[in-house]
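3D, please:
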Amino acid sequence: MNQRFNFDKQVDEKYLNNRLRVLEYTNQDMNLSLENNNQVYIAVFDIPTKTNIIGFQTETLALVFGLNVHLYHGSGSVITNLEQYPEVMKAMQSLLLSSSQALPYMKLTEDFNFYNSEYVRVYLKTEQGVHFKELNKKDKIDIFLQNMMNYVLNEITKTNALK
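Sure thing, here's the model as predicted:
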């Protein structure tokens with residue numbers, strides 16, 4: 001296995017490239033016309049995990065409206081086609097449709113660089129750009145976004161696709 005790790009970030013280059021590709025994907029690339037400026041069509045959750053193994057300390061849940069649900073692991077492994085499961089697709093659509101209510105509590109960013117953190121980092125893409133929030137508080141918006149992410153992850157777990 002030929003892996004190229006970015007040791008500064010402690011993740012595989014393949015992981016960084018997959019994550020960035022999703023964040024740079026546009027509604028024009030998808031031929032998706034948006035209903036309004038606040039319609040979320042991509043969500044990316046960088047999820048820290050506890051480990052001392054390089055590359056295993058993070059994973060990313062990537063959701064692309066109506067198209068894809070993927071999990072990217074910091075080691076470079078990828079789990080795709082999770083959208084084929086109806087309950088996962090339903091959870092993804094629910095998250096993307098309801099997450100726009102968090103936008104006023106997030107900041108617009110053009111910085112998609114990965115960094116290690118002990119907190120989940122959320123990127124929501126709209127026509128206005130990418131909105132960012134690190135879930136480091138226990139306020140209602142952080143709890144809402146965490147619960148929506150967990151809803152999708154729970155539905156993925158039920159599929160047994162992770163085995």
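
Tell me the bridge partners for the residue positioned nearest the centre of the chain.
Central residue of the chain (Cα atoms, centre = their mean): Val44, 2.0 Å from the mean position. On the basis of DSSP bridges, Val44 is bridged to Ala62, Tyr123.

For it, give me its contacts.
Residues in contact with Val44, defined by Cβ atoms under 8 Å, 6 or more residues apart in numbering, are 19, 22-23, 60-63, 122-123, 125. For every residue, glycine as well, the C-beta is placed using N, CA and C.

switch the cut-off to 6 Å
Applying Cβ atoms under 6 Å, 6 or more residues apart in numbering to Val44 gives the contacts 22-23, 62, 123.

I'd like those residues as JSON lines, with pLDDT, neighbour count and distance to His73 appended.
As requested, the contacts of Val44 are exported to JSON lines (pLDDT from 0 to 100; neighbours: other Cβ atoms under 10 Å; distance: Cβ to Cβ, whole Å):
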{"residue": "Val22", "pLDDT": "96", "neighbour count": "20", "distance to His73": "14"}
{"residue": "Leu23", "pLDDT": "96", "neighbour count": "17", "distance to His73": "17"}
{"residue": "Ala62", "pLDDT": "97", "neighbour count": "24", "distance to His73": "12"}
{"residue": "Tyr123", "pLDDT": "98", "neighbour count": "22", "distance to His73": "18"}
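
just the residues you listed now: which is nearest Tyr85?
Nearest to Tyr85 among the contacts of Val44 is Ala62, at 15.6 Å by Cβ to Cβ.

so Ser99 touches Val40, yeah?
Yes - judged on Cβ atoms under 6 Å, Ser99 makes contact with Val40 at a distance of 4.9 Å.

so what's in contact with those two at the same time?
When contacts are counted by Cβ under 6 Å, 6+ apart, Ser99 and Val40 are jointly contacted by Leu124.

pLDDT score for Arg4?
With respect to pLDDT, Arg4 scores 61.

typo on my end, it should be Phe56
pLDDT for Phe56: 63.

again with the one 10 residues further on
At Gly66, the pLDDT value in this model is 84.

and what of Phe112?
pLDDT, Phe112: 94.

was I right about it contacting Leu23?
Yes - counting by Cβ under 6 Å, Phe112 does reach Leu23; the two are 4.5 Å apart.

re earlier: JSON lines for the contacts of Val44, including distance to Leu108?
Output for the contacts of Val44, formatted as JSON lines (distance: Cβ to Cβ, whole Å):
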{"residue": "Val22", "distance to Leu108": "18"}
{"residue": "Leu23", "distance to Leu108": "13"}
{"residue": "Ala62", "distance to Leu108": "20"}
{"residue": "Tyr123", "distance to Leu108": "11"}
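
Alright, that wraps it up for me.
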